[in-house]
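Asker: coords below, sequence missing:
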């Protein structure tokens, strides 16, 4: 058997092993919400209607539960990893191909990829698109038309299953489907225009084409940012609500760097008050005005949240990183995997909570790879640039568009970074700036470790995170 054949066989066996161990997949709270919509036939856009509509097709065909979506995202994931590993092995890069397969079973990644969620669907679709394109791109060959169409469909699905996926999919689309090298000004302008166009089109697709009713999901970010500005600039700084409301929110610890949830749950007097004081577009105007008038308070609020979601200067056992071992209790018929997976999930949690699993370290690795790969030549370097751009822009987008710090949000960025590192390993890269990049990587890792050793714990459950 050829080296590419062995790589494809290994990917198939690993996929089957994970399917057997984690069948029928882990259904989390969001999974239950989407499945309830399928059962009721009533869809909204709080969770991606594209995923729910696809899930409904399986349900209508008689395949109930989360198993078909679990199978889909695992097949997409390992098809992509297998194609990349096989393409590398075909070119004699067997160690790099093996590293790609090991990335798929790295516990912090594998443990979240088995959860039936939009994050796993997005990662699976992007991996499949990358693997399909890599089969030709690594040999500097153009994709056949059918492959271009399939890659485009996979990128489209990935874009529709997460509101912030556009920051990952647009640069990846340029890298997978474009031709020639990267031109910073030209490609930067085109990517910006494409990103704006996609964000503008998303509500039209979700509410028009996919017939999902409009929810209040778009209000969560302005509410969270207004509360953060009030916390950092003072309650009088956001006059859209009385200062007494913001003081009460502060006293009750409603404004937290980890997530916005308390403001819409136990502190719903904030969101309810804003619904009365700033309905519809009035909330957007108040949000923009507060940012313009108090940019430093806004920056402090966003940086505190970004630090939490990137898990940089955080204590040990920081919340929302350890994956579940079983599905949320439900009466919908969504089952759980065997209890035998619990040790693996606990190991995944330990690694995810460590500096090795911190998204900030993977972002630093992506940035360390980006510059030398950009100056390199060849299919491997060009694909690495597309992957690192996708990872970096995804993570930097959390600086402005994020209201929660769940670990699973970083699944694709970590996969893209790991793939990029495997692609450039062993290739000839320019040495200029490489030492600085490695020093920055070590600095991020060291400061992340130091923070975990000295900062006081805040708890490790969702209840601790939400206060």
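Answerer: Nice, I can see it. The model shown is predicted, which means the values in this text are computed figures rather than measured ones. Numbering: from 1, shown residues only.

Asker: ok, now which ones touch the residue positioned nearest the centre of the chain?
Answerer: What sits nearest the mean C-alpha location of the chain, by CA atoms, centre = their mean, is residue 409, with 3.3 Å. With contacts defined as CB atoms under 8 Å, 6 or more residues apart in numbering, residue 409 is in contact with 119, 309, 398, 402. In short, each C-beta sits where N, CA and C put it, glycine included.

Asker: now residue 264
Answerer: So residue 264 contacts 220, 223, 271 (CB under 8 Å, 6+ apart).

Asker: at 7 Å instead, please
Answerer: Residues near residue 264 by CB atoms under 7 Å, 6 or more residues apart in numbering: 220, 271.

Asker: do residue 169 as well
Answerer: Counting by CB under 7 Å, 6+ apart, residue 169 has contacts 155, 158, 159.

Asker: near the last one, how many other residues are there?
Answerer: The reference is to residue 159. 26 (other CB atoms under 10 Å).

Asker: please, which helix or strand holds it?
Answerer: helix 145-160 (DSSP states H and E).

Asker: so which elements touch that helix?
Answerer: Judged by 3 or more CB pairs under 7 Å, 6 or more residues apart in numbering; DSSP states H and E, the packing partners of helix 145-160 are helix 118-137, helix 166-177.

Asker: reformat these as a markdown table; add mean pLDDT and distance to residue 213.
Answerer: Output for the helices and strands packed on helix 145-160, formatted as a markdown table (pLDDT from 0 to 100; distance: least, CB to CB, whole Å):
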| stretch | mean pLDDT | distance to residue 213 |
| --- | --- | --- |
| helix 118-137 | 97 | 18 |
| helix 166-177 | 94 | 22 |
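
Asker: how is this protein carved up into domains?
Answerer: 3-212+353-454, 217-312 (automatic domain parsing).

Asker: who wins for proximity to residue 462 among those?
Answerer: If you check each of the domains of the chain against residue 462 by CB to CB, domain 217-312 wins as the nearest, at 8.3 Å.

Asker: centre of the chain to that closest one, how far?
Answerer: 23 Å (CA atoms, centre = their mean, to the nearest Å).

Asker: first-to-last residue distance for that domain?
Answerer: Using CA to CA, to the nearest Å, the end-to-end distance of domain 217-312 comes to 27 Å.

Asker: correct me, but residue 31 touches residue 120?
Answerer: No: in this structure residue 31 lies outside contact range of residue 120 using CB atoms under 7 Å: 10.0 Å.

Asker: okay, now the unreliable bits of the protein?
Answerer: 179-181, 429-433 (pLDDT under 70).

Asker: right, and the helix or strand after the longest helix belonging to it?
Answerer: Among the segments of the chain that qualify as a helix by DSSP state H, the longest is helix 67-90. Note on helix 67-90: by DSSP H and E, the next helix or strand toward the C-terminus is helix 94-104.

Asker: now do the buried residues in that next one.
Answerer: 94, 96, 97, 98, 99, 100, 101, 103, 104 (16 or more other CB atoms under 10 Å).

Asker: show me what the following helix or strand past it is packed against.
Answerer: Per DSSP H and E, the first helix or strand lying C-terminal to helix 94-104 is helix 107-113. In this structure, helix 107-113 packs against helix 118-137, helix 342-353, helix 411-424, with contacts taken as 3+ CB pairs under 7 Å, 6+ apart.

Asker: name the residues that touch the second one?
Answerer: If I follow you right, that is helix 342-353. Contacts of helix 342-353 (CB under 7 Å, 6+ apart): 107, 108, 111, 316, 317, 318, 321, 322, 323, 325, 357, 407.

Asker: go with 6 Å
Answerer: 107, 108, 111, 317, 321, 322, 323, 325, 357, 407 (CB atoms under 6 Å, 6 or more residues apart in numbering).

Asker: want to try CSV for these, with neighbour count and distance to residue 257 as columns?
Answerer: Shown next, in CSV, are the contacts of helix 342-353 (neighbours: other CB atoms under 10 Å; distance: CB to CB, whole Å):
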residue, neighbour count, distance to residue 257
107, 18, 26
108, 28, 21
111, 27, 24
317, 17, 16
321, 26, 15
322, 22, 19
323, 23, 22
325, 21, 27
357, 23, 19
407, 26, 15
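
Asker: now these as JSON lines including distance to residue 342?
Answerer: What follows is the contacts of helix 342-353, written out as JSON lines (distance: CB to CB, whole Å):
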{"residue": "107", "distance to residue 342": "13"}
{"residue": "108", "distance to residue 342": "16"}
{"residue": "111", "distance to residue 342": "11"}
{"residue": "317", "distance to residue 342": "17"}
{"residue": "321", "distance to residue 342": "16"}
{"residue": "322", "distance to residue 342": "11"}
{"residue": "323", "distance to residue 342": "10"}
{"residue": "325", "distance to residue 342": "4"}
{"residue": "357", "distance to residue 342": "18"}
{"residue": "407", "distance to residue 342": "18"}
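
Asker: closest to residue 71 among those residues?
Answerer: Using CB to CB, the contacts of helix 342-353 come closest to residue 71 at residue 111, 17.5 Å.

Asker: how far away is the closest one from residue 104?
Answerer: 12 Å (CB to CB, to the nearest Å).

Asker: and for residue 460?
Answerer: With CB to CB as the criterion, residue 460 and residue 104 are 26 Å apart.

Asker: with residue 327 instead?
Answerer: 22 Å.

Asker: what of residue 292?
Answerer: 45 Å.

Asker: can you check residue 425 too?
Answerer: 16 Å.

Asker: and residue 85, by the same measure?
Answerer: Relative to residue 104, and taking CB to CB, residue 85 is found at 9 Å.

Asker: now do the contacts for residue 86.
Answerer: 4, 7, 8.

Asker: kindly apply the preceding question to residue 394 instead.
Answerer: 167, 168, 413.

Asker: what's near enough to touch the last one?
Answerer: If a contact means CB under 6 Å, 6+ apart, then residue 413 has 391, 394, 395 as its contacts.

Asker: and those, which is closest to residue 246?
Answerer: Out of those, the member with the shortest distance to residue 246 (by CB to CB) is residue 395, at 30.1 Å.

Asker: neighbours around the closest one, how many?
Answerer: Counted with other CB under 10 Å, residue 395 comes out at 27.

Asker: without its sequence neighbours, what residue ends up closest to it?
Answerer: residue 363 (4.6 Å; CB to CB, 6 or more residues apart in numbering).

Asker: what's the next secondary structure element after the helix or strand containing that neighbour?
Answerer: Using DSSP H and E, the secondary-structure element containing residue 363 is helix 359-375. Counting by DSSP H and E, the next helix or strand C-terminal to helix 359-375 is helix 379-397.
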